[in-house]
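Peer 1: no sequence on this one, just coordinates:
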């Protein structure tokens, strides 16, 4: 009697789904990709004992070498403010982890400046990069073990803000405005408590010229009380003084 031919050859066997790149990169595998961008950073931040962060946002176009650029001074002021905050945070010497670690989107400009200032103070510094069609490498001042990369913008935004106890918005473009208004909306709707997050707009001239906050109140688009959701500062020392007082209250 002729032996039956095997219906499957070894080459026909598929990997387990969690090992199958084709499945993981498929539409059906999207939920797992999203979940991995939630659980992966959580695990790594817990391992590094990061309790809380201070988030710096601002233009990627701020150039430390171009003195003719309007953003030149903001780069160095972000560097100085991050240095002051990181140095102060290190002095707290919390036994159960690190508080107020400087965090950025890992790119150039204001992000690089903040990572640079924290590094100068001797602190750990977080960078949360995003994969783009034009590759963006993390700046060299991000602590290697605290360098993250995300595919999904919304998961990156979640982790940028989730552990933040302060967010400092330096002058920037569309991306900065997007992040600013999303955080502002979360505060306005009490999805984030004002008691848990200090929001600072840095550079009064820039922001008051760009956004007519008082006009929004006059036209009834927002309430006068909404302007108390953020604080405006224009020098590193001014911002540091305000944030040191606010952040110290979170440690009680």
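Peer 2: Yep, that arrived. The structure displayed is predicted, hence computed values, not measured ones.
Peer 1: can you give me the helices in the stretch 1-150 of the chain?
Peer 2: Assigned by DSSP state H, counting those that start in this stretch, the stretch 1-150 of the chain shows helices spanning 21-24, 30-47, 72-92, 110-120.
Peer 1: looking at those, which is buried most?
Peer 2: With neighbours taken as mean count of other CB atoms under 10 Å, the helices of the stretch 1-150 of the chain reach their highest mean count in helix 110-120, at a mean of 28. Every C-beta, even on glycine, is put in place using the N, C-alpha and C of the backbone.
Peer 1: which secondary structure elements does it contact?
Peer 2: Counting contacts by 3 or more CB pairs under 8 Å, 6 or more residues apart in numbering; DSSP states H and E, helix 110-120 packs against strand 53-57, helix 72-92, strand 101-104, strand 125-130.
Peer 1: which of the ones you listed sits closest to residue 197?
Peer 2: Of all those, it is strand 53-57 that lies closest to residue 197, at 9.4 Å by CB to CB.
Peer 1: determine how far the closest one lies from the middle of the whole chain.
Peer 2: Between the mean C-alpha location of strand 53-57 and the chain-wide mean there is a distance of 6 Å, by CA atoms, centre = their mean, to the nearest Å.
Peer 1: now do that strand: everything it contacts.
Peer 2: Strand 53-57 is contacted from outside by 78, 82, 85, 89, 100-105, 110-111, 113-114, 126, 160-161, 163-170, 172, 176, 179-180, 243, 247, using CB atoms under 8 Å, 6 or more residues apart in numbering.
Peer 1: how about a cut-off of 6 Å?
Peer 2: Here strand 53-57 makes contact (CB atoms under 6 Å, 6 or more residues apart in numbering) with 85, 100-104, 114, 160, 163-164, 166-169, 176, 179.
Peer 1: of these, buried ones?
Peer 2: Buried members of the contacts of strand 53-57, counted by 16 or more other CB atoms under 10 Å: 85, 100-104, 114, 160, 163-164, 166-169, 176, 179.
Peer 1: residues touching residue 105, list them.
Peer 2: Residues in contact with residue 105 (CB under 6 Å, 6+ apart) are 111, 128.
Peer 1: before we move on, what about residue 37?
Peer 2: By CB under 6 Å, 6+ apart, the contact set of residue 37 is 150, 152, 155.
Peer 1: what stretches of this protein score poorly on pLDDT?
Peer 2: Within the chain, the ranges that satisfy pLDDT under 70 run 1-15, 17, 23, 252.
Peer 1: in PyMOL, how would I select the buried members of the contacts of residue 37?
Peer 2: Restricted to buried positions by 16+ other CB under 10 Å, the PyMOL selection for the contacts of residue 37 reads:
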select buried, resi 150+155
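Peer 1: quick one: which of the contacts of residue 37 sit in strands?
Peer 2: Among the contacts of residue 37, the members falling in strands are residue 150 (criterion: DSSP state E).
Peer 1: would you format the contacts of residue 37 as CSV with distance to residue 74 included?
Peer 2: As requested, those are exported to CSV (distance: CB to CB, whole Å):
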residue, distance to residue 74
150, 25
152, 28
155, 28
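Peer 1: now do the strands in the stretch 101-250 of the chain.
Peer 2: 101-104, 125-130, 147-150, 164-169, 198-202, 231-233 (DSSP state E, counting those that start in this stretch).
Peer 1: look up phi and psi at residue 192.
Peer 2: Residue 192 adopts backbone torsions of phi -120, psi 130, taken as degrees, to the nearest 10.
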